[in-house]
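Undergrad: can you look at this prediction? I've put the sequence above it.
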Amino acid sequence: MAGFGIGSEIASVAATATVPITAPPETPKLPPREWVKANLFSSPFNSVLTVVSTAILLTLSWNLLKFIFNPIRQWNASATNLRLLMTRAYPEEQYLRIWVCVAIILTLAGSSMAVWRTGSAMPVTGLGRKLLATGALLVLLALLAPFSAGATVQWLLAALVVAAVGEALRRTGGRGETERTVSTLTLQVVALAGLVASLWVIPFGHHSYIPKRIPQVMHEPGTVALSTKLPWTIMLVVVVAAYFGGVLLRDRLAENALRVTLVVLWLLAPPVLVYLILRDPDFDMGHVIGTDIPIFLAYAVLGSTLLLWLTRPSTGEIGRIVAALVLLAGFATFLSPMRMVLRLDLLLLATFALAAPTFAGGLRARKRYTGAWLVLLGVMSWLITSINTASTVRVPGGFFIGGLAITLMVAIFTIVLSVPLGIALALARTSSMPIFRLLATWFIEFVRGVPLITILIFFSIMLPLFLPRGMHLGEVAAVIIGFVLFSAAYMAENIRGGLQSVTRGQHEAAEAVGMTTAQKTVFIVLPQALRVAIPPLVGHCIGVFKETSLLAIIGVFDLLYMARYVVPGQTEFMGSARESILFVIPIYWIVCSRMSKASQRIEQRTGLGER
Amino acid sequence: MSDATATEPTGGHTKDLSRARDMILCEDVSKWYGDFQALDKVSATIKEQEVVVVLGPSGGGKSTWIRCINRLEIHQEGRIIVDDVELTNDLRNIEQVRSEVGMVFQQFNLFPHLKVIDNVSLAPIWVRKKPRAEAEEQAMALLERVGIPEQAHKYPGQLSGGQQQRVAIARALAMEPKIMLFDEVTSALDPEMVKEVLDIMKALALSGMTMMVVTHEMGFAKEVADRIMFMEEGQIVEVGTPTHFFENPTEDRTKLFLSQIL
């Protein structure tokens, strides 16, 4: 049969001179016994390895299960203190703010999934095979775990049901032409819906910690509190609705414009969520109207006029001189006392002015460039005002938030801000201008030579002493700046590696068509360099996320510190540190594994044009 | 030599270039890499619409010279004047010359992260400041001209070598250059793809483009060149029409070179 098939294929190739795609011959599947023999017991050495590692794995699982299901374990320590682990002492009556933030993030996530068309088709047989394996694993664990006979039977039944469903799917999934598939997105939504439904059905118990004068632990039988299950149900609805909203928009509007809008929204989200919603700055309207808005308007009008002139193609060389003068003026402002916002705005204007000739063009291009300046100026002015304004959220201690919230917050801010700074440093270090090269090299080598803890202590304790009058850095902002500088130095080196991988020929080709150095960098060199640098960059981002646990040293109550010291420090839960830490491990793992998955996806997507 | 007589040189030397203006003017151009002298007082004039083929053994300075003409290499002595603009350290002059001189490389050097059409339209959009729609229309027309409009939305990595080199020619032409430089553009191609690239270069020569071609393709030199320059050890040894060059060269070094390759 096979011989016939191939023969006729060759005949058809010869006849039509087009190459039909023939499926490669299927490798025959080994029966289980043969597979085990070929893969696990192929040689005496392999057999020993298999036996020893199985023994080690079984012992480890057995001990872990014995630890987890020991009745003396205080798992309600984590359940009771969930609020503390997530946000520390964020006031309960303001919790709506947290949920609004989560909802905004989920809305962005849902619509992004639609616009970027994430999710893939998964063959039903594959799903069945996975369920079957999960069932088998559950059977093994149920047998290993120190359950009572009744509980073991219950678990075994559950495991068998999973395995049976898996087997049924595997058999009915079809193969080849008739293969049925299911979207991974559907699977994820079903899994999430199952989790949310379990909150309404399964009696996890209603735990809560009441931090009154005499702290009390309350736990009642039944399902979890309404203040937990209701918001999560709403969140599920929000993310699904956002996805379908995204699909509707995607089919009606230009996809590229949507993507750009979403990226901008993602970049705007962290400061808006933290500084406007969570921190709730107590704006002094008199000051805002009397000082902040006039400063913004003055810069908006003068800056726009300047940029509209600079982006005229006919402006030419005078434009570069003017831009350089603006930059000099920006540096000169540091010589005389004035509001910090005046200096920062001027430096931002100088950056835009220097880049203006690159974006010069027709009226539309000029308006777009000026628009970008106005938006960035607005965001920066508002951020500086917000950071300088005290928060209305009153909690004990220096930070208005803690736990998982601050871990995520610092990690996200650090990652988002240190990427552009890292790019700038890497470009400066590889620049042909000695001053930039020297400054960048010194900065990178200095920061890399100092421990992160030193930098954090410097920024949280000593930096406020150096700040000019009229500039107050919020607690979180100071820490984040320290983190960003540290992380940017490392990122710069990763990106520099990427820059060096761009061949001389690419530079020459860009130069030969008359591109300026800036155009060459933005359109040709950076996209290729960043693609190469994605794996080390994501590795670094995962590192940043985990390094946030160092915040504990300067008195920030992050997730790990909460689990290690705060929860076990409560009289009711003395000695529950191991349980709490075991509880936060999966949280860290989920976030980190998502990041590494995202990196693989980006690599695949950007790998399209690779030769 | 039998090959040279078999195909009669039919170069465009019937073209009357006596009144054409000078497009490229080199005066005593010298360049060193460390102690090694790559160019030794190279002087030459190339007229508008003229097709000049530069021949010579490897390491003779051909590529260095052609790369000096759009300042990918910096010459250390002498003067290079391209379309009345002298190449100096002045960035404005360099940018002006580069936007009027198209170059095609041996290794294609397409931008691997951009689709073919973006490879071609990127420079017109950002350097010439053309509206995107107009630039893409022009890019499609150029891809049509080099015979691969159907590949416009693929990435360079999905194309064959010959197709990539044709895209590279289209990319250079998109800047509407007055001069085209070709630096051994067929050397990295599989033999069966050489012809498709040479055919496009021939068509370009017939359309009146000023061209300077470094190549090892003797057939192309015979057929298309108005003048052939022979370079060795950084010097121009002999200059002449294809007929002169292939049938009765005067210099011994030229004769030796021709006896080795023919």
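TA: Everything's here; your move. Residues are numbered from 1 along each chain as shown, chains lettered A, B, ... in the order given.

Undergrad: first to last residue in stretch B:79-88, what's the distance?
TA: Stretch B:79-88 has its terminal residues 9 Å apart, counting by C-alpha to C-alpha, to the nearest Å.

Undergrad: may I see the buried residues of that stretch?
TA: Using 16 or more other C-beta atoms under 10 Å in any protein chain shown as the test for burial, stretch B:79-88 gives B:80-83, B:87. Yep, even glycine has a C-beta here, placed from its N, CA and C like the rest.

Undergrad: stretch A:63-81 too?
TA: A:65, A:74, A:76-81.

Undergrad: same check on stretch B:34-44?
TA: B:37-40, B:42, B:44.

Undergrad: please apply the same query to stretch B:217-231.
TA: Buried residues in stretch B:217-231 (16+ other C-beta under 10 Å): B:217-218, B:220-231.

Undergrad: thinking again about what came up before, just send the buried residues of stretch A:63-81 back as CSV, with distance to B:T241 too.
TA: CSV is the format used below for the buried residues of stretch A:63-81 (distance: C-beta to C-beta, whole Å):
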residue, distance to B:T241
A:L65, 91
A:Q74, 97
A:N76, 97
A:A77, 95
A:S78, 90
A:A79, 93
A:T80, 96
A:N81, 92
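
Undergrad: which residue packs closest to A:F458, ignoring adjacent ones?
TA: When the adjacent residues along the chain are set aside, A:F458 lies closest to A:G482, with 6.8 Å between them (C-beta to C-beta, 6 or more residues apart in numbering or on different chains).

Undergrad: and whichever strand or helix holds that neighbour, what does it pack against?
TA: Element membership of A:G482 [criterion: DSSP states H and E] is helix A:475-501. Helix A:475-501 sits against helix A:403-429, helix A:434-448, helix A:452-457, helix A:463-466, helix A:526-547, with contacts defined as 3 or more C-beta pairs under 8 Å, 6 or more residues apart in numbering or on different chains; DSSP states H and E.

Undergrad: up against chain B, what does chain A have?
TA: A:313, A:317, A:358, A:360-362, A:365, A:503, A:505-506, A:508-516, A:519, A:523-524, A:527-528, A:531, A:606, A:608-611 (C-beta under 8 Å from any C-beta of the partner chain).

Undergrad: what angle sits between the helix holding A:G482 and helix A:403-429?
TA: If you take axes from the mean of the first three to the mean of the last three C-alpha atoms, to 10 degrees, helix A:475-501 sits at 40 degrees to helix A:403-429.

Undergrad: and the helix or strand that helix A:475-501 is followed by, what's its mean pLDDT?
TA: Proceeding N to C from helix A:475-501, the next assigned helix or strand is helix A:504-512, under DSSP H and E. Helix A:504-512 carries an average pLDDT of 94.

Undergrad: which of the residues in helix A:504-512 are buried?
TA: In helix A:504-512, counting by 16+ other C-beta under 10 Å, buried: A:506-512.

Undergrad: cool, and stretch A:185-205?
TA: Under 16+ other C-beta under 10 Å, the buried positions of stretch A:185-205 are A:185, A:189, A:196, A:199, A:204.

Undergrad: toward the C-terminus, what is the element adjacent to the host helix or strand of the first one?
TA: Using DSSP H and E, the secondary-structure element containing A:L185 is helix A:184-201. The element immediately downstream of helix A:184-201 (helix or strand, assigned by DSSP H and E) is strand A:206-210.

Undergrad: ok, that following strand: who's next to it in the sheet?
TA: Sheet pairing of strand A:206-210 (DSSP bridges) gives strand A:216-220 (antiparallel).

Undergrad: tell me the buried residues in the strand it pairs with?
TA: A:V217.

Undergrad: and what of stretch A:320-339?
TA: A:322-323, A:326-327, A:330, A:333, A:339.

Undergrad: sort out for me which of those are in helices.
TA: Residues of the buried residues of stretch A:320-339 located in helices (DSSP state H): A:322-323, A:326-327, A:330.

Undergrad: and those, which is closest to chain B?
TA: Nearest to chain B among these, counting by C-beta to the nearest C-beta, is A:A323 at 15.2 Å.

Undergrad: hmm, the closest one is touching A:L349, no?
TA: No. A:A323 is beyond contact range of A:L349, at 9.2 Å (criterion: C-beta atoms under 8 Å).

Undergrad: OK, contacts around the closest residue to chain B within the stretch 351-500 of chain A?
TA: Going by C-beta to the nearest C-beta, chain B is nearest to A:G361 of the stretch 351-500 of chain A, at 4.6 Å. By C-beta atoms under 8 Å, 6 or more residues apart in numbering or on different chains, the contact list for A:G361 reads A:311, A:313, B:129.
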